[in-house]
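Novice: next comes the sequence, and after it the predicted model I'd like to discuss.
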Amino acid sequence: MIQVEEQLDAVLARYQAVIGLEVHAQLLTRSKMFCACSAGYHDAPPNSHTCPVCLALPGVLPVINRQAVEYTILTALALDCEIPEFSKFDRKNYFYPDLPKGYQISQFDLPLSLNGHLDVLVGDEVVRAGITRVHLEEDTGTMHHAGDVLQSATSSVVNLNRCGVPLMEIVGEPDLHTPEQAREYLQRLRQVLVYIGVNDGNLERGSFRCDANVSLQQPGALGFGTKVEVKNMNSFRAVQKALESEILRQADMLDRGERIVQETRGWVEAHGTTISQRSKEGASDYKYFPEPDLPPMHITRDMVERIRAELPELPEAKRRRFETQYGLSAYEASVVTQTQDDAGTFETLASGVDAKIAVNWFMGDVARLANITGVKLQDSGLGVKGLVALLKLVAAGTINGSIAKGLLDELYATGGDAVQLVQERGLGQVSDAGELGTILDEVIASNPNAVNDFRGGKEAALQSLMGQVMKATRGRADAKLVNTLLRERLG
Amino acid sequence: MSASQLTITQQAAALRSREVSAVELAGAALAHVEAHDSRLNAYLTVTADAARQQAAAADRRLREDGASASPLCGVPVAIKDVLCIDGVETTAGSKILKGFVPPYTATSVQRLLDAGAVVVGKTNCDEFAMGSSNENSAYGPAGNPWDVERVPGGSSGGSAAAVASGGVAYSLGSDTGGSIRQPAALCGVAGFKPTYGRVSRYGLIAFASSLDQVGPFAHSVRDCATVFATIGGHDPLDSTSEASPVEDPLASLDAGVRGMRFGVPKEYFGAGVEPGVRDRVEAAMRVIESLGGSLEEVSLPSTDVALSTYYIIAPAECSSNLARMDGVRFGHRVDASSLTDMYLRTRDEGFGPEVKRRIMLGNYALSSGYYDAYYKKAQQVRTLVAREFESVFTKVDALVCPTSPIVAFRRGERSDPLAMYACDTMTIPVNLAGLPGISVPCGFVDSLPVGLQFIAPRLEDAKLLRVAYAYEQATEWHEMHAPMVEATA
């Protein structure tokens, strides 16, 4: 690992890497892009989510899914894109069994949006990555080959459940220069899409997919180097690894005076390298032309403003607000705003108790429990309101921290009313100096060794005495007060 | 069926007076097919059982509520084999769709069925509606009822012949560059191509999506109007269908043409027009004048390039539309050892020469490096053609001209594709501009019918039908019947 990083640093000192990313994101619409079939195809039996339209039987016609258009515009607005008044669909023609019409309905020269950007925090630096365009198209079906690849397969089967699922393509400018920037860009983009509710952000299942264009440029050179397209990256880690590997491969070739071939390469996780899939000579001529079955779309300004009004607060804005409004650190704010749900949970907590307490519990014990149980706070027995009630008991001094932790663990699983439970079990904090004084005196009297040790300068002995007090109060004593009172008495 | 029951109007009246039942009409239509179709080859599929069931249902409907039933209820119809019907083999005249049975019905046909129509069968046509003579059908050419050795025109030749022969009162066809109007002219019946977008294309096997339009053949303009009123109107399944409501064509049908101005496009009377056709059309113009219409010469200067434009746009769209015929999911497939070979051999065997020619033309026109010179240029000319019509229609209400420059020719007589393409010089610009056009009979040359074409502005289908009706009612050409009708009358 360290070796790759060192090699990469050395290469990036000599060459500038130029990376542009293309993301395909399936939209979370109920139906497909051009027919009424359900778009939720994942666990359906093969070819069960199909109809004459997505099977491309002769004579059928596409009808535009309005929700998909609106989701694309919403995305474009989140990425600060321009939304032209006129947009149209085009046919991208090629033959493949997973593309039943023999063409994909996509957008060529008049996409739904253009010229946006996404700010990405990489380390301490904010990188502004340009967005060339966001356009709308349809997904293809899937194929399963008896064999590794289609060419050598003895038989192949086609599943058209995915065929026609709305697919948004987000084309990024070649503004990224390191694999880390590329990974951060994708993570941020995914976060935005999930935030605005248009995509589920699932890379493994392929609902969020990424291709990368990579070239190397010698310092001071005019224009970009020959670019290579890298595909088959199914995780953020894979993107970073594939780009590292590809940059090293290209640098090695350039160092040896070889020319980079314009081609498409696939990332092979198992080998940790990219392999050539298709050269430019084998590239298809897609013979784009305007889709005659669909009239051009007129995107009115009213429609754009209506959609803009639906745009939620985006992660970056939320993070900045949390820093100022709640006094969170940059790190805390970015953790808490990771998802819309988390941010909402935090704000509910912070509306009931001090924000600092809220963030500590949220990022500490609540995160731990969510991790262990796989259940989010809002879905747990306790719920967000339950936690607020519990934390209010702590803030009011009714119970102490360790009692609260115990209750959190219990209520997270079983649910219940914290206030009632504290009363029933008598868990209320003992913070009456008189009551504690009596207990303290007993503890001091029966632990002369510890008392002597403390007086002799052993600070740790105090902990032992406090432990005795906690034991005597079944953990209910106000620890801070006990500490103060002990010091007074032994001082 | 007797000659006195040739029209929808007549059959509807006979059904209501109990003079005849729908089952009897269906039986007569099926018997006609039985008697003549071995010579005529107008049908690719006959749906006898379904027709009898539909007829029985129509009889029940007429008995229960004859007053509110559609005039189409119980009337037999033939459907061009490019329109899908649930459960009925639909081939578009191509071998590649042999055995294809769609699980759905075209909107236009569904609207007929909802009205109580009785579908006798699917009619012959040029493969994927590409042709002007029906000779490009993979299932043999249809004959012309006026002379079975001659072509019925195309591509909807079977639909025209089925009506002209007296077998059915009406049929549906599709018109991409003249495929309803030209065969109507050659077979001596009325053929109406509505404004682009007026009739849903859902379920119509696409030839060229931006040009295709479904429309009727019938013995009278009134029947065309009746069918149009039933099949026309917005369809949520066809995004290119017009959203505005259809003006009832029957309401104004007999309003006449007095005071209306007719344009005579000089470019439509060029050298290619046979003298006999010219004479008949000029005689028709005198009739229009006698009815109170005025004539004036107009010019559509882009007419000569419209044909070339069409032969770029239509093939470009068809090359893409026919890509789904790939042997993977339906129709003909030739198994092979590789995917590419399967594609190549399936399509090589499945498509006929004219279809292959157009697929190649289209792919060429759309290819990288040629797109601007061909497809883009053609779209610009198309816009120009439409503007010329718009400009002419600021001065006149409708245009009048020949439908076809020639009358029905003998099979095999026109083997040169370019000579065949020239048959559509006066019909193609109408499709490029998306206008409504109709052909009505206007006389004979050597005992073969001549067609008169009227063209109206976009969405003025009702006005077009009114004009054609006025002419038709002033003449007797539509009452002249092909020898086949006489034989069974």
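Specialist: Looks like it arrived, so ask away.
Novice: what about the helices in the stretch 201-350 of chain B?
Specialist: B:221-231, B:275-290, B:303-321, B:339-350 (DSSP state H, counting those that start in this stretch).
Novice: and for the stretch 101-250 of chain A?
Specialist: Going by DSSP H, counting those that start in this stretch, the stretch 101-250 of chain A shows helices at A:179-195, A:236-255.
Novice: and the host helix or strand of residue A:408, what's buried?
Specialist: When secondary structure is defined by DSSP states H and E, residue A:408 falls within helix A:401-414. Across helix A:401-414, burial judged by 16 or more other C-beta atoms under 10 Å in any protein chain shown covers A:403-405, A:407-409, A:411-412. Just so you know, the C-beta spots here come from the backbone N, C-alpha and C atoms, and that holds for glycine as well.
Novice: can you check stretch B:334-352 too?
Specialist: B:339, B:342-343, B:346-347, B:350-352.
Novice: close to chain B: what parts of chain A are there?
Specialist: A:52, A:55-64, A:91, A:93, A:95, A:97, A:100-103, A:150-151, A:156, A:158, A:285, A:287-289, A:292-295 (C-beta under 8 Å from any C-beta of the partner chain).
Novice: outline the domain layout of the chain.
Specialist: You didn't say which chain, so I picked chain A. A:2-306, A:313-425, A:433-490 (automatic domain parsing).
Novice: oops, wrong one, chain B.
Specialist: B:3-262+B:394-488, B:303-377.
Novice: the shortest one: end-to-end distance?
Specialist: Between the opening and closing residues of domain B:303-377 we find a distance of 15 Å, counting by C-alpha to C-alpha, to the nearest Å.
Novice: do the same with stretch B:226-239
Specialist: 24 Å.
Novice: can I assume residue A:76 is in contact with residue A:135?
Specialist: No - taking contacts as C-beta atoms under 8 Å, residue A:76 lies outside contact range of residue A:135: 9.2 Å.
Novice: mind checking which of those two has more residues around it?
Specialist: More crowded of residue A:76 and residue A:135, by other C-beta atoms under 10 Å in any protein chain shown: residue A:76, with 27 against 23.
Novice: list the buried residues of the helix or strand containing the more buried one.
Specialist: Using DSSP H and E, residue A:76 sits in helix A:66-78. Going by neighbour count (16+ other C-beta under 10 Å), the buried part of helix A:66-78 is A:67-78.
Novice: try stretch B:254-261
Specialist: By 16+ other C-beta under 10 Å, the buried positions in stretch B:254-261 come out as B:256-257, B:260.
Novice: what score does the residue lying farthest from the centre of chain B have for pLDDT?
Specialist: Ranked by distance from the centre of chain B (C-alpha atoms, centre = their mean), the top residue is residue B:337, with 41.5 Å. Listed pLDDT for residue B:337 reads 86.
Novice: again with residue A:429
Specialist: Reported pLDDT for residue A:429: 74.
Novice: who's in contact with it?
Specialist: By C-beta atoms under 8 Å, 6 or more residues apart in numbering or on different chains, residue A:429 lies in contact with A:397-400, A:403, A:476-478.
Novice: now the stretch 301-450 of chain A against chain B: closest residue?
Specialist: Of all residues in the stretch 301-450 of chain A, the one sitting closest to chain B is residue A:303 (17.3 Å; C-beta to the nearest C-beta).
Novice: against residue A:29, how distant is that residue?
Specialist: According to C-beta to C-beta, to the nearest Å, residue A:303 stands 17 Å off from residue A:29.
Novice: before we move on, what about residue B:74?
Specialist: 44 Å.
Novice: and residue A:102, by the same measure?
Specialist: Distance from residue A:102 to residue A:29, by C-beta to C-beta: 24 Å.
Novice: ranking the helices of the stretch 201-350 of chain B by burial, who's on top?
Specialist: Neighbour counts (mean count of other C-beta atoms under 10 Å in any protein chain shown) averaged over each of the helices of the stretch 201-350 of chain B peak at helix B:221-231, with a mean of 26.
Novice: closest to chain A out of the buried residues of stretch B:254-261?
Specialist: Taking the buried residues of stretch B:254-261 together and measuring to chain A by C-beta to the nearest C-beta, the closest member is residue B:260, at 31.8 Å.
Novice: contacting residues around that closest one?
Specialist: By C-beta under 8 Å, 6+ apart, the neighbours of residue B:260 are B:292-294, B:397-398, B:467.
Novice: kindly report the same for residue A:62.
Specialist: A:33-35, A:53, A:105, A:291, A:293-294, B:239.
Novice: for it, helix, strand, or coil?
Specialist: Here residue A:62 takes the coil state, with states given by DSSP: H, G, I helix; E, B strand; the rest coil.
Novice: okay, now the closest residue to chain B within the stretch 1-150 of chain A: neighbour count?
Specialist: Residue of the stretch 1-150 of chain A nearest chain B, by C-beta to the nearest C-beta: residue A:102 (2.3 Å). Using other C-beta under 10 Å as the criterion, residue A:102 is surrounded by 21 other residues.
Novice: quick check: chain neighbours aside, which residue is closest to it?
Specialist: residue B:323 (2.3 Å; C-beta to C-beta, 6 or more residues apart in numbering or on different chains).
Novice: cool, residue B:265 as well?
Specialist: residue B:300 is the one closest to residue B:265 (C-beta to C-beta, 6+ apart), at 4.8 Å.
Novice: the one you found is in contact with residue B:392, isn't it?
Specialist: Yes - contact between residue B:300 and residue B:392 holds when scored by C-beta under 8 Å: they sit 6.6 Å apart.
Novice: flag the shaky bits of the stretch 251-400 of chain A, pLDDT-wise.
Specialist: For the stretch 251-400 of chain A, the stretches flagged by pLDDT under 70 are A:280-283.
Novice: which residue ends up closest to the midpoint of the chain in space?
Specialist: Since no chain was named, I'll use chain A. Centre-most residue of chain A, counting by C-alpha atoms, centre = their mean: residue A:191, 4.3 Å.
Novice: wait, I meant chain B there
Specialist: Chain B, centroid-nearest residue using C-alpha atoms, centre = their mean: residue B:180 at 2.2 Å.
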